[in-house]
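Enquirer: return a 3D structure for these sequence lines:
(one chain, ligands or ions: 1)
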Amino acid sequence: MDVKSNLRHIHDRINEACKRSGRTPEEISVIAVTKYVSPERAREALDAGIRHLGENRDAGLLHKCEMLKDERPVWHFIGTLQTRKVKAIIDHVSYIHSLDRLSLADEIQKRAQKPVDCFVQVNTSLEPSKHGMATDEVLPFVKKLSAYENIKIAGLMTMAPFTDDEAVIRSCFRQLRELRGEVQKLDQWNAPCSELSMGMSNDYTIAVEEGATFVRIGSSLVGNETGGGQS
Ligand SMILES: *Cc1c(COP(=O)(O)O)cnc(C)c1O
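Expert: Okay, the predicted model is just below:
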């Protein structure tokens, strides 16, 4: 399917989820996750009206930044970020979705020329394989970040487990929203924490119902040209 038709379908489903939950579609931004596809395919997404692109590897990000520089997309780094890769990507991204440890915050603080919008990645699923910090670590972590002037805590991010059990997925997203409320209550100068980055191809309608402001959609929007599964 072409990206335009996929995007139309996704917008329809987002609109329906908004109706069910009393939200407005303008509250939700779709990030096209282009990690499985070529720069040309990513360009199709931009031509279809997408402004936000997400990559999870430094090499993929830098390559597409170069190839798509005239289109000026808003870049999101969505994957596990190795501390030693921060320097290479920091000037190219507007958002980092995977802030999950103090050593990474130290490196962002050191390398950034200006405040970077970061999402604290939270493991809401209790699956040991998932990245992100435990829910009870989030508030102490955010408080420590008040000393980091180059870090702005834009919001929280999570990945739900791969399961057909909608109740499990919904509970992860709901936890993230409740946690956002607790961070907002801190009223910390660099933690407005207004955003929720949650929802992928399989579960974005649930995420929208539970308050997502950014959904990260790869395979069902731009497809998967690697032929493999999700990585
Ligand atoms: C790959 C990836 C996505 C998109 O996954 P799809 O299931 O293809 O939509 C979203 N978020 C993160 C963190 C990813 O790594």
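Enquirer: show me the shaky parts of the protein.
Expert: Applying pLDDT under 70 to the chain flags the ranges 129-130, 227-231.
Enquirer: show me what from it comes close to the ligand.
Expert: 33, 35, 56, 78-79, 159, 200-202, 216-219, 230 (Cβ under 6 Å from any ligand atom). All C-beta atoms are positioned from the backbone trio N, CA, C, and that covers glycine.
Enquirer: out of those, which is most surrounded?
Expert: Neighbour tally across these (other Cβ atoms under 10 Å): the maximum, 29 neighbours, falls on residue 78.
Enquirer: what's the spacing between that residue and residue 200?
Expert: According to Cβ to Cβ, to the nearest Å, residue 78 stands 10 Å off from residue 200.
Enquirer: equivalent analysis for residue 15, please.
Expert: Separation of residue 15 from residue 200 (Cβ to Cβ): 19 Å.
Enquirer: which residues touch the residue of the chain found nearest the ligand?
Expert: Using Cβ to the nearest ligand atom, residue 218 is the residue of the chain that sits closest to the ligand, at 2.8 Å. By Cβ atoms under 8 Å, 6 or more residues apart in numbering, the contact list for residue 218 reads 32-36, 54, 200-201, 224, 230.
Enquirer: how about residue 141?
Expert: Each residue near residue 141 by Cβ under 8 Å, 6+ apart is listed here: 102, 120, 133.
Enquirer: what about the strands in the protein?
Expert: Using DSSP state E, the strands of the chain run over residues 29-33, 52-55, 74-77, 95-99, 116-122, 151-158, 195-197, 214-217.
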